[in-house]
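Novice: Sequence and predicted structure below; questions after.
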Amino acid sequence: MPSNSATGTPSWLGAVNDRAGLSVLLDHGPLTRNRICELVGVSKPTASQMMSRLLAAGVIEEHGRTSGSAGRTAVLYAPRTDRPLGVALDLDAFELRATVVDAAGGDRPIVRLPLPRDATERSAVDEVSWAIAEASAAAGTDPDAVHSVCIGIPGYVDPGPSGELFSETLPGWPARRLRPILEAELGRTVAIENDVNLAALAEREYGAGADNDVFVLLWLGNGIGASFDVAGDLHRGSFGGAGEIGFLPLSAEANAVDPSARSMQDLVGGRAVAHLAKSHGLDVGGYHATRAALAAPEASAVRDLVFADLAERVAHVALPLLATLDPGRVVLAGPTASIGGEAFANDVARAIRRLSRWSPEVVATGVGSDPVLHGAKLLLTGKVREELLDTVARLDLAT
């Protein structure tokens with residue numbers, strides 16, 4: 001009885017080899033045929049056939065020649081990364097940041113676009129369309145080659161049928177069915193992810209989470225949040241809201257630190273930081289102005305006082321996370337934490353040990369600027385890569 005499976009046929013083997021060849025080029029950059037043979041584990045004739053098919057498919061190109069032994073030269077093959085493409089973006093109440101993403105994860109320019117302050121001028125479709133157009137122009141790529149988008153938002157979208165959006169900083173965006181609306185209007189695949197979860201992805205890949213099985217990322221900014229990384233997997237929760245700790249009421253002990261505070265957001269969020277700075281003589285307005293003033297070199301004395309007070313508050317915020325997950329490491333990230341740095345992390349660690357039975361390692365973020373955007377780029381690179389690899393590895397199961 002004939003089988004409908006293509007497994008083991010020459011076309012199937014060729015597709016598998018072509019996918020492997022393109023994959024090593026994406027991983028390593030330009031390579032010679034001999035090096036491709038070594039990495040994929042195929043013969044030279046097979047490698048030549050692979051390169052011929054990939055060249056014909058338009059997914060690789062010849063990238064010059066390299067000198068070999070006895071003066072011989074060899075052709076270098078490189079992946080084409082001009083299509084398909086994605087755009088990663090993240091945004092807050094004031095600014096949108098975006099960059100083009102290719103299958104090799106190459107660096108492209110980051111565009112920073114101011115957002116309207118008037119809520120009536122905000123539009124999810126317009127803002128994402130703008131990001132695609134501006135990021136493509138900055139990268140010198142074709143916006144029509146952008147097939148997918150990953151958006152990091154300050155909030156989360158319930159994965160259920162209604163797709164309800166929970167965010168206080170995206171006025172004018174649809175409160176329900178955000179992803180289907182964007183996909184229908186943009187004609188592209190859209191992924192929407194919580195910004196703190198994306199920052200944790202970047203932390204796992206590039207920063208302080210790289211060598212730890214279980215860590216919690218505690219985000220301290222105008223808003224606060226947490227992300228739970230367990231052996232490289234993010235725990236998002238059944239409804240997408242895991243880590244939304246800003247809404248939690250305070251314990252009696254935490255409330256005693258600041259009797260006016262009712263929630264964790266009240267205790268360590270942007271308003272709390274501005275109030276602490278004001279209590280130490282730095283009164284420059286709201287959170288964003290305060291953050292900029294605290295980061296200035298001449299504010300070191302006030303900065304030390306503010307972060308000394310803030311450390312005990314953050315320790316109280318961390319305790320429910322420690323009791324729930326008992327992580328080996330807590331990573332402090334976000335705009336506020338980045339100013340405090342490692343000294344602030346050490347103060348938080350000491351406060352946790354003083355207040356509780358837990359003694360995790362507390363460290364400052366190892367990711368520099370734009371951690372949310374870097375996380376969105378990581379997530380999207382995998383999707384774009386799979387799309388490209390699938391173009392040379394589609395199996396005809398009917399043969």
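Specialist: Noted; the coordinates are in hand.

Novice: Now do the contacts for Arg329.
Specialist: Listed by C-beta atoms under 8 Å, 6 or more residues apart in numbering, the contact set of Arg329 reads Ala208, Gly209, Asn212, Val214, Phe215, Val216, Pro360, Glu361, Val362, Val363. Where C-beta positions appear, they are placed from N, C-alpha and C, glycine not excepted.

Novice: what's the answer for Ala333, then?
Specialist: Ala199, Glu203, Leu217, Leu218, Trp219, Leu220, Thr365, Val367, Pro371.

Novice: got the contact list for the closest residue to it other than its chain neighbours?
Specialist: By the measure of C-beta to C-beta, 6 or more residues apart in numbering, the closest residue to Ala333 outside its immediate chain neighbours is Thr365, 3.9 Å from it. Listed by C-beta under 8 Å, 6+ apart, the contact partners of Thr365 are Ala199, Glu203, Gly207, Ala208, Leu217, Val331, Leu332, Ala333, Gly334, Ala337, Ser338, Pro371.

Novice: Repeat the analysis, applying 6 Å as the threshold.
Specialist: Gly207, Val331, Ala333 (C-beta atoms under 6 Å, 6 or more residues apart in numbering).

Novice: List phi and psi for the first one.
Specialist: In this case it means Gly207. The phi and psi torsions at Gly207 (degrees, to the nearest 10) take the values phi -120, psi -140.

Novice: Surely Gly366 is in contact with Gly207?
Specialist: Yes. Here Gly366 reaches Gly207: they are 3.0 Å apart, a contact under C-beta atoms under 6 Å.

Novice: between the two, who's got more neighbours?
Specialist: Gly207 (22 against 15; other C-beta atoms under 10 Å).

Novice: where does the stretch 1-150 of the chain dip in pLDDT?
Specialist: Counting by pLDDT under 70, the ranges of the stretch 1-150 of the chain that qualify are 1-10, 67-71.

Novice: Mind jotting down where the strands sit in it?
Specialist: Taking DSSP state E, counting those that start in this stretch, the strands of the stretch 1-150 of the chain run over residues 31-32, 60-67, 73-79, 85-91, 95-101, 110-114, 146-153.

Novice: would you turn the ones you listed into a markdown table with mean neighbour count and distance to Ser356?
Specialist: Output for the strands of the stretch 1-150 of the chain, formatted as a markdown table (neighbours: other C-beta atoms under 10 Å; distance: least, C-beta to C-beta, whole Å):
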| stretch | mean neighbour count | distance to Ser356 |
| --- | --- | --- |
| strand 31-32 | 22 | 53 |
| strand 60-67 | 14 | 56 |
| strand 73-79 | 18 | 51 |
| strand 85-91 | 29 | 33 |
| strand 95-101 | 24 | 37 |
| strand 110-114 | 15 | 40 |
| strand 146-153 | 24 | 32 |
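
Novice: Sort the contacts of Arg329 by pLDDT and name the bottom one.
Specialist: Of all those, Asn212 has the smallest pLDDT value, namely 85.

Novice: number of nearby residues for that one?
Specialist: Asn212 is flanked by 17 other residues according to other C-beta under 10 Å.

Novice: Run through the residues that contact it.
Specialist: By C-beta under 6 Å, 6+ apart, the contact set of Asn212 is Gly328, Arg329.

Novice: Tell me if it really is in a strand.
Specialist: No. Per DSSP: H, G, I helix; E, B strand; the rest coil, Asn212 lies outside any strand segment and is coil.
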